[in-house]
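Trainee: quick check, what structure comes out for this input:
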Amino acid sequence: MASLQPDDFRIILYLCNWGPHTAFHTLQDSCAALPPSVKMIRIPCSGRISKALLFKPFEMGADGVALVGCDEGTCRYGVGVASAQENVADTREILELLGLGRDRLRLFLSSGENHQGLSEFLSGFAASIETLGKSPVVKPAKKAPTENMSEKLAEIVNAHDVYACQDCGKCTSACSLTLAGKPFSPRAMASAIIAGNVNDPAVTAGVWSCLTCGLCYDRCPSAVNFPEFIRDVRQVLSSRDIPGFESHDGFFRSLSRTMTSPGLPIRHWDWLPESIRTDPQSKVAFFGGCAPYFDVFFGRKLSVDTRKILADSLRLLNFFDIHPALLQAERCCGHDLLWSGDRENFLALARLNAAALAKMGVEELVVSCPEGYRTLSRDYPAQGVPLPCKVTHILDKVDAEISKGNVKFKTFGKPVTFQDPCRLSRHMGLSELPRRLMARIPFPKFTEMADRGAGAICCGNCAWIGCDAFSKALQRKRLSQVRDSGAQVLVTACPKCRIHLSCAMDDPFESNAGSLPIMDIVSVLAETISWK
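Mentor: Down below sits the predicted model:
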């Protein structure tokens, strides 16, 4: 096989429009020998290049990315360099988790006069990328557009029996977004799509506005599964390049698509504390989900620690002498891709996960994330990728072990309330399971919120599809209910509920909520469980 040449590599250079571009322009004017692998993109400020924009080239198969900003203290916008330093540091950490390595991304600061320093940086970076080798990421295939959208939508309407809609309006009267004031109606959406009006801007916007929380399905007398109907309509629109607003510039879906590359040497569990015991030969495996990436992405702003949910889940299993196997190169389950209309890349992830589990030979897969639980147990087989093992939610596993006896719980020192995750309560019908476990713990007080169980309010987002003033209003309403309950700790069972409600507390318009801690129920259980 022929050895790789410098021009076989691809390095994306984000170059600040001010001092760095002047230095680069000087190099061009002097006919300096720039590395052939470097492709320059001129940008207004290094601080404008978000984590999503730093990561996107890697999804598309780039071998390296360089961001060049102004010298410290010379940024025209004041905070550009500081923002660039933070975004690069976080993205490098994510590249490390993926197994690509942090050294594929570099930040360099330059004045307009430092053309020689810029030349040396680019040459050195190109040489280091050549040493690292080509990226193992395979660029995701472009989806084939749906040829006859009208026929496909008619098939989806029939498949979900949307014609059974009685036009009673119970879905719309229960919809959390509608009640928050958003011009959105599940009933109107169903009628419009049946009538073939999907190209109407209001309908297209509505398809991407739905939280798919399932409250409308819970209230529908005709049992029309509106969330799954919307999910399938999104697949059609997505194939025709009619996407909706993507929160965080689409970073998390970009991350999931990158994980479809079979050769990616993911390092998902390198952070795991040494005190946790696992066994690669165990017939029980544990699937953690995307918490490590969440913590890096949101850590500076929200200080969330969703990795603790995974560690505490494993501690609970260890408490019952269960030492599970881990997928060392664990990938995303694909939930967000499926619910945002990208079925092709969802299936690519599903097949990789199914093959890895089959190779491990496990008989049971324990899952902590509600979205992962629904995806692995229900959506994989429904989409034609059944797993070779039983899928169990961590709370179900713990409940079964506790029922064997000889377990007690220490007092938890603060009054609490509980936020129901949509995927666990309405989608999977397990709203009583966390309450059964919490009933075993001696709380000073456990008070339900006004909306609870199957009627609970969604945390305001799903699959990172949209985040606007209406979802924020929804979150503020939920936080108001938390305060009205008198709780000093909000307990939930979903890492995304924790992230979204923490974000709402950080909202300057949300007063007197910043001191309220949010804990996952597995952490509450892990802290209080003991032997009799």
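
Trainee: if I look at the residue most central in space within the chain, how far off is residue 236?
Mentor: Nearest residue to the geometric centre of the chain (Cα atoms, centre = their mean): residue 252, 5.1 Å. The gap separating residue 252 from residue 236 is 22 Å, by Cβ to Cβ, to the nearest Å. The way it works is simple: take the backbone N, C-alpha and C, and place the C-beta from them, glycine included.

Trainee: quick check: pLDDT value at the residue nearest to residue 289 when sequence neighbours are not counted.
Mentor: Closest residue to residue 289 apart from its sequence neighbours, by Cβ to Cβ, 6 or more residues apart in numbering: residue 369 at 3.9 Å. On pLDDT, residue 369 comes in at 97.

Trainee: residue 369 contacts residue 494, doesn't it?
Mentor: Yes: counting by Cβ atoms under 8 Å, residue 494 is a contact partner of residue 369 at 6.9 Å.

Trainee: residues in contact with residue 161?
Mentor: With contact set as Cβ atoms under 8 Å, 6 or more residues apart in numbering, residue 161 has these partners: 222, 223, 224.

Trainee: what's the ChimeraX line that selects buried ones from those residues?
Mentor: Restricted to buried positions by 16 or more other Cβ atoms under 10 Å, the ChimeraX selection for the contacts of residue 161 reads:
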select :224
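
Trainee: in a markdown table: the contacts of residue 161, plus pLDDT, distance to residue 450 and secondary structure.
Mentor: Shown next, in a markdown table, are these (pLDDT from 0 to 100; distance: Cβ to Cβ, whole Å; DSSP: H, G, I helix; E, B strand; the rest coil):
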| residue | pLDDT | distance to residue 450 | secondary structure |
| --- | --- | --- | --- |
| 222 | 94 | 27 | coil |
| 223 | 94 | 26 | coil |
| 224 | 95 | 27 | coil |
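
Trainee: between the contacts of residue 161, which is closest to residue 118?
Mentor: Within the contacts of residue 161, proximity to residue 118 (Cβ to Cβ) peaks at residue 224, which comes in at 60.0 Å.

Trainee: angles on the backbone of the closest one, please.
Mentor: Phi and psi for residue 224, reported as degrees, to the nearest 10, are phi -80, psi 120.

Trainee: what sits closest to residue 310 if chain neighbours are left out?
Mentor: Excluding its sequence neighbours, the residue lying closest to residue 310 (Cβ to Cβ, 6+ apart) is residue 288, at 4.1 Å.

Trainee: does that neighbour touch residue 272 like I think?
Mentor: No: using Cβ under 8 Å, residue 288 is not in contact with residue 272, being 9.2 Å away.

Trainee: okay, the two: which has more neighbours?
Mentor: residue 288 (25 against 16; other Cβ atoms under 10 Å).

Trainee: OK, contacts around that one?
Mentor: By Cβ under 8 Å, 6+ apart, the contact set of residue 288 is 268, 269, 310, 313, 326, 330, 368, 369.

Trainee: please report how far it lies from residue 62.
Mentor: 28 Å.

Trainee: circling back to that earlier point, residues shared between the contacts of residue 288 and residue 272?
Mentor: Common contacts of residue 288 and residue 272 (Cβ under 8 Å, 6+ apart): 310, 326.

Trainee: nearest spatial neighbour of residue 517, chain-adjacent residues omitted?
Mentor: residue 489 (5.4 Å).

Trainee: bridged to the one you found, which residues?
Mentor: Judged by DSSP bridges, the bridge partners of residue 489 are residue 416.

Trainee: test my guess that it contacts residue 413.
Mentor: No: contact status for residue 489 versus residue 413: not in contact, 9.1 Å apart, counting by Cβ under 8 Å.

Trainee: which one of these two has more residues nearby?
Mentor: Neighbour tally, residue 489 and residue 413, criterion other Cβ under 10 Å: the higher count belongs to residue 489, 17 against 11.

Trainee: give the contact list for the more buried one.
Mentor: So residue 489 contacts 414, 415, 416, 516, 517, 518, 519 (Cβ under 8 Å, 6+ apart).

Trainee: quick one: it from residue 524, how far?
Mentor: As judged by Cβ to Cβ, residue 489 and residue 524 stand 8 Å apart.
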